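A.B. asks: Provide a 3D model corresponding to the input given below.
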Amino acid sequence: MPRPKGLRAPGFEEKRRELLARIRTRLGEQGATHASWRELAAAAGVGLSTMTHYFGKRDEVIHAVLEQERADSAEGVARLAEPGGDFATSLADAADEIVMHLHERGGTSLTIGLINGLGHPELGPAVLENVLQPWLAALERRFAAHAERGEMANVQPRHAALAFAAPLILAHLHQEQLGGKVRRPLDPNAVAATHIGAFIRAYGKRGEPTTSAANCVKF
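C.D. replies: The predicted structure is shown next:
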């Protein structure tokens, strides 16, 4: 008996995730972020018709990679949203969470997203929604909690989240994706300690200690 129109075969989602993992690996390789539809099919080990069956078109593959990134990073995002310790310790923990994620997998997803999404009417918002915004929203919640405790100046948490995350993301792109590790190497611990100290001076309540920041950085 033929399957009703629109009903997917058993195992469809599992097979799609398997193909997506292979495709993401290929996209994460140096120089492969612009891989063609045919090249992605080859990386997945399937023909073009199979790729079309599971994904439709190339943009939908990139969108699926970005959505998978959001799902895979959910635990880290949840940790980032919850403050711990004093303000300086909490900031160091937050920086550690972000940087570790960028090094483990998030940096690759961000690079894939930026290369394919900048200026794109559909993929651009998908990068924002799936790769950047979950982490920024988690920082907002973290900073709102510190403000409620009286540990942080009463500023817009969204503005503070952008100010905190942006230098860490830029430093990662500078070092890992743009060749800075070879041409202009940075000490990530020193960068983070400097950034955290400056953030505390800008956003912490007067009298908040800054000397503990350097000692708290763990990466």
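A.B. asks: Show me the shaky parts of the protein.
C.D. replies: 1-7, 206-219 (pLDDT under 70).
A.B. asks: Try it again at 90.
C.D. replies: Applying pLDDT under 90 to the chain flags residues 1-10, 28-35, 84, 105-106, 205-219.
A.B. asks: Start from the N-terminal end of it and give the helices.
C.D. replies: With helices called from DSSP state H, the chain shows them at 12-27, 37-44, 48-55, 58-72, 74-81, 87-101, 107-117, 123-127, 133-148, 157-172, 180-183, 188-203, 212-216.
A.B. asks: Give me the number of neighbouring residues for His146.
C.D. replies: 22 (other C-beta atoms under 10 Å). Backbone N, C-alpha and C define where each C-beta goes, glycine included.
A.B. asks: Please name the nearest non-neighbouring residue to it.
C.D. replies: Met152 (3.9 Å; C-beta to C-beta, 6 or more residues apart in numbering).
A.B. asks: Do I have it right that that neighbour meets Phe143?
C.D. replies: Yes. Between Met152 and Phe143 there is a contact at 6.1 Å, judged by C-beta atoms under 8 Å.
A.B. asks: Between these two, which contacts overlap?
C.D. replies: 160, 203 (C-beta atoms under 8 Å, 6 or more residues apart in numbering).
A.B. asks: When these two are compared, which one has more neighbours?
C.D. replies: Phe143 (28 against 25).
A.B. asks: residues touching the more buried one, list them.
C.D. replies: Per C-beta under 8 Å, 6+ apart, neighbours of Phe143: 152, 157, 160-161, 164, 203.
A.B. asks: Serialize these to JSON lines and add fields for distance to Glu13.
C.D. replies: Putting the contacts of Phe143 into JSON lines (distance: C-beta to C-beta, whole Å) gives the following:
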{"residue": "Met152", "distance to Glu13": "42"}
{"residue": "Pro157", "distance to Glu13": "36"}
{"residue": "Ala160", "distance to Glu13": "38"}
{"residue": "Ala161", "distance to Glu13": "33"}
{"residue": "Phe164", "distance to Glu13": "36"}
{"residue": "Tyr203", "distance to Glu13": "43"}
